[in-house]
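K.L.:
Attaching a predicted model along with its sequence, questions to come.
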Amino acid sequence: MSDLKDKLENAKDKVIGKTKEALGKSTGSEETELEGKLQSKKADLKEKYNDIKDKIAGKINDKLDKNEKEEDKGN
């Protein structure tokens with residue numbers, strides 16, 4: 001459930017970030033534009049972090065499963 005929550009949070013941050021960026025550009029507010037860019041980049045980084053975390057967890061689980069099968073064969 002946490003994974004879905006993270007994905008929704010990241011999607012929300014991207015949309016809000018892009019909206020702030022566009023609003024900043026259209027109003028000439030460099031501060032708002034920068035806030036939007038940063039919020040969008042933050043969501044991208046969190047997404048990459050979650051992807052890496054999932055890959056590592058998958059590799060660890062695969063290794064543990066392999067070890068467990070080898071132990072079962074030995075018994």
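P.N.:
Perfect, thanks for sending it. None of the values given here were measured: they were computed from a predicted structure.

K.L.:
who touches Tyr49 in this structure?
P.N.:
If a contact means CB atoms under 8 Å, 6 or more residues apart in numbering, then Tyr49 has no contacts. Placement of C-beta: from N, CA and C, glycine included.

K.L.:
pLDDT at it, what is it?
P.N.:
In this model, Tyr49 is scored at 93, pLDDT.

K.L.:
does it sit in a helix or strand, and which one?
P.N.:
helix 30-74 (DSSP states H and E).

K.L.:
give me the number of residues near Asp6?
P.N.:
15 (other CB atoms under 10 Å).

K.L.:
now it, nearest residue through space, not along the chain?
P.N.:
Asn50 (5.6 Å; CB to CB, 6 or more residues apart in numbering).

K.L.:
residues touching that neighbour, list them.
P.N.:
Asp3, Asp6, Lys7, Asn10.

K.L.:
same check, this time on Gly36
P.N.:
Counting by CB under 8 Å, 6+ apart, Gly36 touches Ile16, Gly17, Lys18, Thr19, Lys20, Glu21, Ala22, Leu23, Gly24.
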